[in-house]
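[1] Output the structure for:
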Amino acid sequence: MSLTLGNLFILTAPSGAGKSSLIKALLEKHQCSDAHNNMMQVSVSHTTRKPRPGEVDGVHYHFVERGEFEGLIDQGEFFEWAEVFGNYYGTSKIVIEKTLREGVDVFLDIDWQGARQVKSQIPDTATVFVAPPSREELERRLNSRGQDSADVIAQRMDKAVSEISHYHEFDYIVVNDDFEAALAELDAIVMTRRLRKEKQIIRHQKLFDNLLGK
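    From the prediction side, this is the model:
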């Protein structure tokens, strides 16, 4: 895929580390003021799991049946896909590529395996690992949700260890201890990616042509 004005970001973290809250807060911040007039959005993944309370089809996920998802796999429609806790999750190729060409920054909330798959296809992707401040705090956050049984939380903690063991594969690391500090760090990563030479040349090509008398 050729270089685009939009930036692709992957945020990976164990469940309970707060990556979804960070993405939501960042998007809300930039809805009011964006120095480069560049929009942001979260990629809406496909999944075969059932919606949780408050989740809306097409907003939080595209909820599909298992057979439909497997058909999309066979058609090569996903940048990445994985089966987690018995459910499929996948990221659409066509939607992501179109959105980046339009100059929109896209955020993917996926695991380390998905991050690896996407990075291999789009090396320009910025990968960010969001870590909890401690194992104890992570378990406390999972319990405070009140949504999962003790067995499910134990499974999530085991999966967290596996997820965290891949932290060194990512371009950036943000520790979500103080939420506002973590948000500021994520915002700085976004602005750094936008200000790279390659993106600025695309964004300001007409300006440089004018300055050089072309």
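
[2] What's the end-to-end length of stretch 120-127?
    This stretch, stretch 120-127, spans 12 Å end to end (CA to CA, to the nearest Å).

[3] So what touches that stretch?
    For stretch 120-127, contacts defined as CB atoms under 8 Å, 6 or more residues apart in numbering pick out 1, 3, 7-10, 12, 79, 115, 118-119, 169-172, 189, 193. No exception for glycine: its C-beta is placed from N, CA and C like everyone else's.

[4] Pull out the buried residues from that stretch.
    Of all the residues in stretch 120-127, those buried under the rule 16 or more other CB atoms under 10 Å are 122, 124-127.

[5] tell me which of those residues is nearest to Glu180?
    Nearest to Glu180, judged by CB to CB, of the buried residues of stretch 120-127 is Ala126 at 21.3 Å.

[6] Model confidence at that closest one, what's the number?
    Model confidence at Ala126, given as pLDDT, is 97.

[7] residue ranges of the strands in this structure, please?
    Using DSSP state E, the strands of the chain run over 8-12, 40-42, 46-47, 62-63, 78-84, 87-92, 105-109, 126-131, 172-175.

[8] Find the one among the ones you listed with the highest mean neighbour count.
    Mean neighbour counts were taken over the strands of the chain using mean count of other CB atoms under 10 Å, and the top value, a mean of 26, falls to strand 8-12.

[9] which helices and strands does that one pack with?
    Judged by 3 or more CB pairs under 8 Å, 6 or more residues apart in numbering; DSSP states H and E, strand 8-12 is in contact with helix 19-32, strand 105-109, helix 112-121, strand 126-131, helix 179-194.

[10] buried residues in the third one?
    By neighbour count on 16+ other CB under 10 Å, the buried set for helix 112-121 is 112-119.

[11] report the angle between the axes of it and strand 87-92?
    Interaxial angle of helix 112-121 relative to strand 87-92 (axes from the mean of the first three to the mean of the last three CA atoms, to 10 degrees): 20 degrees.

[12] quick one, helix 112-121 and strand 105-109 angle?
    140 degrees.

[13] any idea how far Gln147 is from the most centrally placed residue in the chain?
    For the chain, the residue nearest the mean C-alpha position is Leu108 (2.3 Å; CA atoms, centre = their mean). Leu108 sits 23 Å away from Gln147, going by CB to CB, to the nearest Å.

[14] Okay, and the beta partners of the nearest residue to Gln117 once chain neighbours are set aside?
    Ranked by CB to CB, 6 or more residues apart in numbering and with sequence neighbours excluded, the top spatial neighbour of Gln117 is Glu80, at 3.7 Å. Bridge pairing for Glu80 (DSSP bridges) gives the partners Thr91.

[15] now stretch 127-145: how far from the chain's centre is it?
    Distance of stretch 127-145 from its chain centroid, counting by CA atoms, centre = their mean, to the nearest Å, is 17 Å.
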